[in-house]
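**Student:** Let's see this in three dimensions:
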Amino acid sequence: MKANKKLLILLCAVSALALTACGSKSYADGTYKAQSQEYVNDEDDSTAGNGYGVVELTISGGAITACDFKTYELDGTLKDAEYGKENGEIANKDFYNKAQKALAACDKYAAQLVEKGDIKEVDAISGATVNYNEFKEAVGDALKQAEQ
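**Tutor:** Numbers count the residues shown, from 1 in each chain. Next up, the predicted model:
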């Protein structure tokens, strides 16, 4: 009787493992690049936040080993230390600080993805929700390219 019980437990464990493996995706090693759709702020008097995100993933051994995430203005200009300035000057300090906080979140999202290995486990950062949504979309597209 004990042997049958052990065998039953073993069979259940093997079945559960097999079902889990069937549902998981495997990714081919390589570098994959994808772009989110363009975001356009719906406020009439502002172009704040408009743009899109581009992610570049490196997959090795079936796991995400590197991630780079950058955001761009609608005209293709990289959002950098100048993002949030007007004509090279900080016209509105609050706006500039918010813009730079959102920009800094890009590196944090990329680091979380490499650390956790799953886009579902990457946490949104307050003040950078647009970037978060662009990141998730671009990562999803890049991973679709990598699916085996």
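
**Student:** ok, and for stretch 103-119, which residues are buried?
**Tutor:** For stretch 103-119, burial by neighbour count (16 or more other C-beta atoms under 10 Å) applies to 103, 105-106, 108-110, 112-113, 119. Bear in mind the C-beta positions are built from the backbone N, C-alpha and C, glycine included.

**Student:** Over to stretch 137-148?
**Tutor:** Using 16+ other C-beta under 10 Å as the test for burial, stretch 137-148 gives 137-139, 141-143, 146.

**Student:** for these, which one is nearest Ala66?
**Tutor:** Using C-beta to C-beta, Ala142 is the member of the buried residues of stretch 137-148 that sits closest to Ala66, with 11.8 Å.

**Student:** List the residues that contact the closest one.
**Tutor:** Applying C-beta atoms under 8 Å, 6 or more residues apart in numbering to Ala142 gives the contacts 32-34, 55-57.

**Student:** can you pull out the strands in the chain?
**Tutor:** Per DSSP state E, the chain carries strands over the ranges 30-35, 52-60, 63-72.

**Student:** Okay, buried residues for the first one please.
**Tutor:** So the one you mean is strand 30-35. Buried residues in strand 30-35, counting neighbours by 16+ other C-beta under 10 Å, are found at 32, 34.

**Student:** Right, I'll call it a day here.
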